[in-house]
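S.K.: Have a look; sequence and predicted model below, questions after that.
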Amino acid sequence: MLDLTKFTTEQRNQSSMDLDTMTSLQIVTTMNDEDLRAVQSVTKVLPQVATAIDWAAEALERGGRVFYMGAGTSGRLGVLDASECPPTFGVSPDLIVGLIAGGETAFIKAVEGAEDSEELGASDLRERGLSDKDLVVGLAASGRTPYVVGGLVNAKATGCKTIAIACNQGSKIGESADLAIEPVPGPEVLTGSTRLKAGTVQKLILNMISTGAMVKIGKVYQNLMVDVQQTNEKLVVRGQNIVMEATGCTRERAIQALADAGGHVKTAIVSVLLDCDAEQAAVALERARGHVRAAVSGHEKSDADAQ
């Protein structure tokens, strides 16, 4: 029989032993105090998270993909982070991929037993044509989920770099991966409910990995998301605001630059900063591999050399 008592995520939290007698204010105060401890636990694994960012960026730059895979809450968090990358950073939905045991149905309704199959984890990756250019990130609060173990083992055999994110130290998925990220947020306020602190910690780390990787591959200028997709009225205005913030130009100039650039925020920024047309800006960006800062400084250097 599986022994859950060795997992801190399954142990009882002494601060919430009387949870069922607490007032609403006492409940939220206790939960907030525990959430602060969860956030602090991430501090201890920041060097490993930084390595994960570098690995993710390297995979994307060599034409690979980043796969998140997990079951239950962990799987849903991976799917959530992956699904937010296209509108935020203008990347293809095929670039950051979230896999959840049991498939898309499991995002809304639990698929019983799906997480217990190592073969399912391996086959989900094989079906998507996993290659040695890709990076696979396995997520499991307990650190033992067979679906994730199977995926990581298959990924390593394929030649991929692999990362495990668990909320227990010395985890099985950590042993199955090249890099283990194992913050310990401690026992949950509601015993065993890892959608709480463990889920929060995993989401914080995924935020860091996806955002950091996108910064590294040129999807950010200063602290602006310069590849945002203008898919609704709010994002159209945001695109204008980003051009204005990045260049100091008027809204009218930003609107015109965006129109000339076919709505491409990054190209509009470079065209304003270099005072050139959209076509020239696109060429400068291509030479700089999509990095706005490098495109601008590289163009200025070329002009200086020409003189």
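M.R.: Thanks, I have the structure now. Residues are numbered from 1 along each chain as shown.

S.K.: can we go C-alpha only for contacts and neighbour counts from here?
M.R.: Will do.

S.K.: The closest residue to A257 other than its chain neighbours in helix, strand or coil?
M.R.: The shortest distance from A257 to any non-neighbouring residue, by Cα to Cα, 6 or more residues apart in numbering, is to A268 (5.0 Å). Following DSSP: H, G, I helix; E, B strand; the rest coil, A268 is assigned to helix.

S.K.: is it true that A268 touches V243?
M.R.: Yes: the pair A268 / V243 is scored as a contact, 6.9 Å apart, by Cα atoms under 8 Å.

S.K.: between these two, which one's more packed in?
M.R.: Between A268 and V243, counting by other Cα atoms under 10 Å, A268 is the more crowded of the two (31 against 28).

S.K.: I'd like the distance between the more buried one and R62.
M.R.: Counting by Cα to Cα, to the nearest Å, the gap from A268 to R62 is 26 Å.

S.K.: Could you do E112 as well?
M.R.: 37 Å.

S.K.: Kindly report the same for K156.
M.R.: The gap separating K156 from R62 is 18 Å, by Cα to Cα.

S.K.: Touching both of A268 and V243, which residues are there?
M.R.: Common contacts of A268 and V243 (Cα atoms under 8 Å, 6 or more residues apart in numbering): A254.

S.K.: that's a helix at A164, yeah?
M.R.: No: using three-state DSSP, the assignment for A164 is strand, not a helix.

S.K.: Could you report the pLDDT at it?
M.R.: You'll see A164 listed with a pLDDT of 98.

S.K.: Might one say that it is in contact with S142?
M.R.: No: between A164 and S142 no contact is recorded; they are 11.3 Å apart, counting by Cα under 8 Å.

S.K.: So for these two, which sits in the more crowded spot?
M.R.: For A164 versus S142, neighbours defined as other Cα under 10 Å are more numerous around A164 (28 against 24).

S.K.: which residues does that one form a beta bridge with?
M.R.: Counting by DSSP bridges, A164 forms beta bridges with G138, A180.

S.K.: Show the contacting residues for it.
M.R.: Contacts of A164 (Cα under 8 Å, 6+ apart): 137-140, 173-174, 176-182.

S.K.: and if we set it to 6 Å?
M.R.: V137, G138, I173, G174, A177, A180, I181 (Cα atoms under 6 Å, 6 or more residues apart in numbering).

S.K.: Next one: A198 relative to C167, how far apart?
M.R.: Distance from A198 to C167, by Cα to Cα: 6 Å.

S.K.: And for L204?
M.R.: The value you get for L204 to C167, if Cα to Cα is used, is 12 Å.

S.K.: With L36 instead?
M.R.: Taken as Cα to Cα, the span from L36 to C167 is 15 Å.

S.K.: higher neighbour count, the two?
M.R.: Neighbour count, other Cα under 10 Å: between L36 and C167, C167 has more, with 29 against 12.
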